[in-house]
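Student: Predicted structure and sequence below. I'll ask about it afterward.
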Amino acid sequence: MTLQGWILILAFLAILLALAKPMGLWLFALYEGRRTPLHVALGPVERGFYRLAGVDPAAEMGWRRYAVHMLLFNVALTLFTYAILRLQASLPLNAPGMTGITPDGAANAAVSFATNTNWQWYSGEAAMSNLSQMLALAIHNFTSAATGIALAFALFRGFARRQAATLGNFWADMTRVTLYLLLPICVLYAVYLIASGVPQTLTQQVTANTVEGAKQVIALGPVASQEAIKMLGTNGGGFFNANSAHPFENPSALTNLVQMLSIFAIGVGLTWCFGKAVGNVRQGWAILAAMLIMFTAGVAVCYWQEAAGNPMLHQLGLVGGNMEGKEVRFGTAASSLFAVVTTAASCGAVNAMHDSFTAIGGLIPIFNMQLGEIVVGGVGAGIYGFLLFAILAVFVAGLMVGRTPEYVGKKIESREVKLAVLAIAALPLAILGGTAIASVTTAGLAGPLNKGPHGFSEILYAFTSAVANNGSAFGGITSGTPFYNGMLAVCMWIGRFFVIVPMLAIAGSLAAKKHTPESAGSFPTTGGLWVGLLIGVILIMGGLTFLPSLALGPIADHLAMISGNLS
């Protein structure tokens, strides 16, 4: 480890903390439906969308109606994307003549982008036309991110409202988030990326003459526009197969830092927005503190292991960390930080191959996702996932103080606890169930490149990434088969919507309750004790659930490495 590496990590954290309140203020304005400076130009556009769709933005929805509209919208977009990918060969903006995607591949990609997972079994530059990249995939980058933020707003209203029957209007939340947050930032972000050297063109490829006199076909396309929302919306799907290790997606150390910050920017802002919504910003700061403590611990372990390297290589005279699989432009610290950022959020963008990390260095990204990606997490999904754990934590606190648990003025009763457990339990069921099936079937075992613990880690990572709606790949595994395309698509759907529906039911239940003022007997939920309890509950639940699978994979891999066992 180097001083320069730690300065990068500390600078990242400092800038992130500075962004929390400004981003939170803007999100809170959208949460309340207040007028912003952008309404002068975009207000008529917003009203035009409502008239065109026949939507009354003032007509609020109960949790069931909110959930149904959200599900129908996402199902419709999934079917639309499937059709575009299947018909790709017959559609315009396909100069290289890309063929249509296979049924299982198109289904996997459509579900992947609809669920904000962006798992890619394909190489973008070799399989997707410009039209598919822009119309089928980039649209989802906006809509899936906006869906997550809208759902977070619905849960905030559940905590903030008193004896109410509604949680807002799904279409109004989606429209405002897209028009006044995602689009304006992405326009500026894309201009910055273009100025930094990222291509933005409808030309799909050019031919260059190499110094040896040969000809090389170089893939191009509308990269900057997709890169901006890929990062800001924690989507992660790369225009190119190498993702953010490709110089056309991530040209410099500065763009690398900006990309990492943009992955977390909305997530940290939503913590402040939550505190403001419930009338106590300290609640938001407490949540952010718990998130960043776990994040910093993960970065420290990952960086330590990657800087230490492999002792078996040291015996061969190769001193220091292993650079195979890492982007040499950025180095060990930036690669480790990026790996933890992208798996703590639901982004899935990578600037290094996690399969090439040390066993413990690769364990941290897996465990981040297995926690449900609540360590900042995806836009919207991170904060509402974290609040599910907060409900369980106050339930534990209530048992300790001997009274009905309360959180931000709402009594947490058996209905909320049962629904939170149901939502949280869906993730390990799908992760461990899918991994078990793949580990004992011929089709599943045909996927991993390696055998033994490392091969098991490749399978475990794939299902963890799919269920957590992350989309990053460990590397090594061949997933573009009917078995993996089908299994992972089901897991992605479960990981997204089997959490959302119980969460909305909790929001509806909380909104109907009256506000209970804090008293001398209330468990404080803003101080260090609360932060420690939150972290403890999250880690214990994650550890008890996933430790056996981690022991079979990365932990066994680490023990083999330090014992000198290569088999």
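Tutor: Okay, I see it. Numbering: from 1, shown residues only.

Student: pLDDT weak spots in the stretch 251-400 of the chain?
Tutor: For the stretch 251-400 of the chain, applying pLDDT under 70 flags no range at all.

Student: can you map out the strands along it?
Tutor: Read by DSSP state E, counting those that start in this stretch, the stretch 251-400 of the chain holds no strands at all.

Student: and if you look at the chain?
Tutor: In the chain, the strands defined using DSSP state E lie at 205-209, 215-219, 406-407, 410-411.

Student: how far off strand 215-219 does the first one point, in degrees?
Tutor: Looking back up the chat, that one is strand 205-209. 150 degrees (axes from the mean of the first three to the mean of the last three CA atoms, to 10 degrees).

Student: which residues touch strand 205-209?
Tutor: Here strand 205-209 makes contact (CB atoms under 8 Å, 6 or more residues apart in numbering) with 95-96, 215-220. Yep, even glycine has a C-beta here, placed from its N, CA and C like the rest.

Student: contacting residues around Gly43?
Tutor: Arg35.

Student: next one: Ser479
Tutor: By CB under 8 Å, 6+ apart, Ser479 lies in contact with 119, 121, 447, 462, 473, 485, 488.

Student: Rebuild the residues you listed as a markdown table, extending it with neighbour count.
Tutor: Shown next, in a markdown table, are the contacts of Ser479 (neighbours: other CB atoms under 10 Å):
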| residue | neighbour count |
| --- | --- |
| Trp119 | 28 |
| Trp121 | 21 |
| Gly447 | 20 |
| Ala462 | 29 |
| Ala473 | 22 |
| Asn485 | 22 |
| Leu488 | 24 |
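
Student: Flag the shaky bits of the chain, pLDDT-wise.
Tutor: For the chain, the stretches flagged by pLDDT under 70 are 566-567.

Student: At the geometric centre of it, which residue do we find?
Tutor: Ser346 (0.9 Å; CA atoms, centre = their mean).

Student: Need phi/psi at that residue.
Tutor: With angles defined as degrees, to the nearest 10, Ser346 sits at phi -100, psi 40.

Student: all numbers from here: first residue = 413
Tutor: Noted, 413 is the first residue going forward, which turns the last one into Ser758.

Student: For it, list the residues it contacts.
Tutor: 528-529, 646, 648, 785, 789-791, 793-794, 880-883.

Student: Which residue lies closest in space to it, excluding its sequence neighbours?
Tutor: Counting by CB to CB, 6 or more residues apart in numbering, Gly790 is the residue found nearest to Ser758 once chain neighbours are left out, at 3.0 Å.

Student: try Val603
Tutor: Ala636 (7.9 Å).

Student: Then Leu491?
Tutor: Distances taken as CB to CB, 6+ apart place Ala522 nearest to Leu491, at 7.5 Å, with adjacent residues excluded.

Student: Can I have the buried ones of the contacts of Ser758 as a ChimeraX selection?
Tutor: Selection of the buried residues among the contacts of Ser758 in ChimeraX, burial being defined by 16 or more other CB atoms under 10 Å:
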select :528,529,646,648,785,789,790,791,793,794,880,881,882,883
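
Student: so can I have a markdown table of the contacts of Ser758 showing distance to Met413?
Tutor: Converted to a markdown table, the contacts of Ser758 look like this (distance: CB to CB, whole Å):
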| residue | distance to Met413 |
| --- | --- |
| Asn528 | 33 |
| Thr529 | 32 |
| Thr646 | 28 |
| Gly648 | 27 |
| Glu785 | 26 |
| Gly789 | 27 |
| Gly790 | 29 |
| Val791 | 31 |
| Ala793 | 32 |
| Gly794 | 28 |
| Ala880 | 28 |
| Asn881 | 32 |
| Asn882 | 26 |
| Gly883 | 29 |
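
Student: wait, Thr615 sits on Leu632?
Tutor: Yes: counting by CB atoms under 8 Å, Thr615 sits close enough to Leu632 to count as a contact (5.3 Å).

Student: Test my guess that the residue nearest to Val603 contacts Leu600.
Tutor: No: look at Ala636 against Leu600 with CB under 8 Å: they stay out of range, at 11.3 Å.

Student: Counting neighbours, go ahead and name the busier of those two.
Tutor: Ala636 (24 against 10; other CB atoms under 10 Å).
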